[in-house]
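Student: Okay, sequence plus prediction incoming.
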Amino acid sequence: MPPGLKSPKSNLTSTTMWHPENEASFPTQEEYQLSINAINAMKEELAATESRIIQLDKELFKRRAFLAPIRRTPADILSLIFILVCEDDWTALVILETVCHHWKDVLLATPRACACLLSTPNLEFPPARVLKRWISHCGVLKLHINLPPTAPYSFVNLLRSHPKRPNIRCLSAFNKLDSLSGKFESLVEVRLGHNDDPYPDSELSSEGLGQEGDKSSETSSDEDPDQRSFDSDEMAFPISIENFPKLISLHFHGFAPGAIKFPASKHLFPSFQTLHIRNKGTTWLQIIGHCSISLVELMIDIVSDEGPEDQYDAVISLPMLHSLSYTFDQPEDFFPDWPIFHTPALRSYREAGSAYAPFMTKFIPFPRHTSLCATKSIGNHFGL
């Protein structure tokens, strides 16, 4: 080892440890423990103070909410306000219930706020959980539920199994008509429509009542149900008193009534009192014939003159019919060769048309039924 250097061991042994000048300045073990206890006590006091601050903030918010002008509004007045607001926007119900517990309680006690939303729905389909909640709080009110094209098949099952299903009196369906194949005990009215006219003019059904339909395409079992072809018999609307024991009103909006799957027996066909139908194909005449005894109101949209000519030969007797109306929407050089309806109890007769329909008046020499003896109201509403 070079001279003048010492080994580390010799340095450590020769080092002098530091000692304070006044060793009494350090806390004793007893003083140390007392200080620790004091710190813990102050922490507990601080936590209690912070909790008290939070509690005071809540009390302050409640006092201010109690003095708010909206708080003075009686619950019945709030209910009327909520109904008017919810009629315009279905999202209002979700927004209003988050304002305060009082508003939420009033909303849940206002069934009409839910029913109005279901009676005037948008094409934008709300989440199933939201609609399920609305239906659950509808009280004793009767509901009209709209199933737009975006509605999933699973929602129909929700309607069919919901405890409030007896409240559903009217159902509007678009496109997915085969989803209505189950039983709806309480429905009295069904409205059928579509977005893009997917139905062909020819009849879709080959079942029941001696019909000979045309199955132009078969649907694979593993095919996406939302992508199935509408010219398949599986997409037809199954109409029977077994499925709809209380159904008395049927409306076809925007497509031919060929999307009907008839029951195996005529006796299972519902006794409609109100029927709104189009004159495409021949199925529409069969439907009128099957419920001719019970029909009270009949509305026919004239859009074509297709089908066999001999279908117009027979006179159809409608003994209970009180209201008959035609809507024309064809060029001026066209007028269909109509069947004659015998309507001895008719009270109201109406003809209406589009903007170019005034030119069609020269093609209408007489009303399109055989008896006017009991009619009290006749109107021609062309050029609307």
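Tutor: It's in. Computed from a predicted model, the values in this text were never measured in an experiment.

Student: if I pick the closest residue to Phe184 other than its chain neighbours, what's in contact with it?
Tutor: Nearest residue to Phe184, sequence neighbours excluded (Cβ to Cβ, 6 or more residues apart in numbering): Phe244, at 5.7 Å. Using the backbone N, CA and C atoms, a C-beta is placed for each residue, glycine as well. For Phe244, the contacting residues are Lys183, Phe184, Leu187, Val190, Pro270, by Cβ atoms under 8 Å, 6 or more residues apart in numbering.

Student: Please convert the residues you listed to CSV, extending it with pLDDT, neighbour count and distance to Leu107.
Tutor: As requested, the contacts of Phe244 are exported to CSV (pLDDT from 0 to 100; neighbours: other Cβ atoms under 10 Å; distance: Cβ to Cβ, whole Å):
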residue, pLDDT, neighbour count, distance to Leu107
Lys183, 79, 12, 32
Phe184, 81, 19, 28
Leu187, 86, 23, 27
Val190, 86, 22, 30
Pro270, 86, 23, 37
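
Student: Let's see which of those residues end up in strands.
Tutor: Val190 (DSSP state E).

Student: Take the contacts of Phe244 and lay them out in TSV including distance to Lys280.
Tutor: Shown next, in TSV, are those (distance: Cβ to Cβ, whole Å):
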residue	distance to Lys280
Lys183	29
Phe184	26
Leu187	25
Val190	19
Pro270	21
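
Student: before we move on, the earlier item: check for me that the residue nearest to Phe184 belongs to a helix.
Tutor: No: counting by DSSP: H, G, I helix; E, B strand; the rest coil, Phe244 is located in no helix; its state is coil.

Student: distance of it from Pro263?
Tutor: Remark: distance between Phe244 and Pro263 (Cβ to Cβ, to the nearest Å) = 11 Å.

Student: cool, Ala352 as well?
Tutor: Distance, Ala352 to Pro263, by Cβ to Cβ: 33 Å.

Student: Show me where the stretch 151-300 of the chain dips below the pLDDT cut-off.
Tutor: Applying pLDDT under 70 to the stretch 151-300 of the chain flags residues 174-179, 194-237, 254-259, 264, 281-282.

Student: Quick one: the strands in it, in order.
Tutor: 168-174, 189-193, 237-238, 249-253, 260-261, 274-278, 297-302 (DSSP state E, counting those that start in this stretch).

Student: Show me what counts as buried in the second one.
Tutor: Same thing as strand 189-193. Buried residues in strand 189-193, defined by neighbour count with 16 or more other Cβ atoms under 10 Å: Glu189, Val190, Arg191, Leu192, Gly193.
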